[in-house]
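**Q** Here is my input, please return the structure:
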Amino acid sequence: VTDANVVLGRVIPEYSPSIFGPNEDEPLDLEGARNAFAKLSQAKEASGRSIEELAYGFLQLVNQAMCRPIHNLTQMRGYDISTHKLTCFGGAGPQHACAMAKALGISRVFVHRYGGILSVYGLSMTDAVSEEQKPAAEVYSYSKEEDTEGAAADDADSSLLVSRTERFSVLTKK
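**A** Take a look at the predicted model:
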């Protein structure tokens, strides 16, 4: 994403810190970013697009990926978010906020003057946690005899219990 922003001129390498590369001591490399996108433009899926079009396409994909959870938490639950403001945070948040707001149908964006600093501060205060997910495609069966909770449930509660039990089995299966 940073390379796409560099190629499009949204991030200027001269004003960025030298924290890139294997030793985290190199500046952003405009030519390296352009060469990487030029290599991608040779793929048949690129169908003759310029490196700028590919970089812009990357940003559109990223913005849609960030919009998806907002959409799922609001519009999919019946809320009209067009009457709300989109608040952005983080160092690159404002770079993506307007495109995201447009995609979500939001007309106002709030950028707090300390949004980047507060994001870093919050990150520095959190515990280090490692989460892992593994895909599973297995068939599970359920019967009342397998119910370890021993809950006597009617049909509606039983279907809910089946759903919870199956989800638990998928998450804990070794």
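**Q** For the chain, give me the ranges with low pLDDT.
**A** Within the chain, the segments meeting pLDDT under 70 span 143-174.
**Q** all strands of it, in order?
**A** For the chain, the strands defined by DSSP state E occupy 85-88, 108-111.
**Q** export these to a markdown table and tack on distance to Ser124?
**A** Any C-beta I mention is one placed from the backbone N, CA and C, and that applies to glycine too. Output for the strands of the chain, formatted as a markdown table (distance: least, C-beta to C-beta, whole Å):
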| stretch | distance to Ser124 |
| --- | --- |
| strand 85-88 | 19 |
| strand 108-111 | 21 |
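**Q** closest one to Leu123 among those?
**A** Of all these, strand 85-88 sits nearest to Leu123, with 15.5 Å by C-beta to C-beta.
**Q** Let me see the residues that make contact with the closest one.
**A** Residues from elsewhere that reach strand 85-88 (C-beta atoms under 8 Å, 6 or more residues apart in numbering): 70, 94, 96-97, 100-101, 104, 106, 108-112, 115.
**Q** which one of the strands of the chain has the most crowded surroundings?
**A** Mean neighbours per residue, mean count of other C-beta atoms under 10 Å, is largest over these for strand 85-88, with a mean of 17.
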